[in-house]
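# Starting from these lines, generate the structure:
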Amino acid sequence: MAKYSKEPLTIIIGGDDDKDTEDIFAGKGDTIPKNILYLDTFEDLDDLLSPKKMELLYYLMKNQDGELPKSVSVIAKDTKRFQEAISKDIKHLVKLGLVKVTKEKQSVYAYPNFKEIIIKTK
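Numbering: from 1, shown residues only. Just a heads-up that it's a prediction; the model follows:
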């Protein structure tokens, strides 16, 4: 069964990580947040996660709740995409820390690192 981070990933567009940290230490914020990714613009988000990668991430998050991870070949079949394209996108998502993979024999299984991703603008 997939193990998710307890905290969601929060992507903040146009935020200022230095100012947010200062506010927290000055008592203006709740606690030091975990799992935050700051981006300057929505274009940066698009560069980081193409629509196909976002669809793949959504598929993984939607289909892993309480289930065993799905193999790359099953994901390709379910999403009607080429297995090579799924493998490439999963490698990118692993580098970003959004997805984990396990290998059994010749199969690669992928599952999301977060149960929830929140996108905010500042």
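# from here on, contacts and neighbour counts on C-alpha atoms
Fine.
# hey, what's residue 11 bridged with?
Per DSSP bridges, the residues bridged to residue 11 are residue 37, residue 119.
# For it, report the pLDDT, please.
Residue 11 carries a pLDDT score of 83 in this model.
# How about residue 94?
Looking at residue 94, its pLDDT reads 92.
# Quick check: phi and psi at it.
The phi and psi values for residue 94, taken as degrees, to the nearest 10, are phi -70, psi -40.
# can you check residue 40 too?
Dihedral angles (degrees, to the nearest 10) for residue 40: phi -80, psi -40.
# neighbours around the residue lying closest to it once chain neighbours are set aside, how many?
Among residues not flanking residue 40 along the chain, residue 14 sits closest, at 4.5 Å (C-alpha to C-alpha, 6 or more residues apart in numbering). Number of residues near residue 14 (other C-alpha atoms under 10 Å) recorded here: 14.
# One more: residue 38?
Around residue 38 there are 18 residues (other C-alpha under 10 Å).
# Look up how far residue 121 lies from residue 94.
25 Å (C-alpha to C-alpha, to the nearest Å).
# higher neighbour count, the two?
More neighbours surround residue 94 than the other of residue 94 and residue 121, with 17 against 13 (other C-alpha under 10 Å).
# which residues touch the spatially closest residue to that one that is not a sequence neighbour?
Computed as C-alpha to C-alpha, 6+ apart, the closest residue to residue 94 that is not its neighbour in sequence is residue 100, at 5.8 Å. Contacts for residue 100 (C-alpha atoms under 8 Å, 6 or more residues apart in numbering) come out as 94, 110-113.
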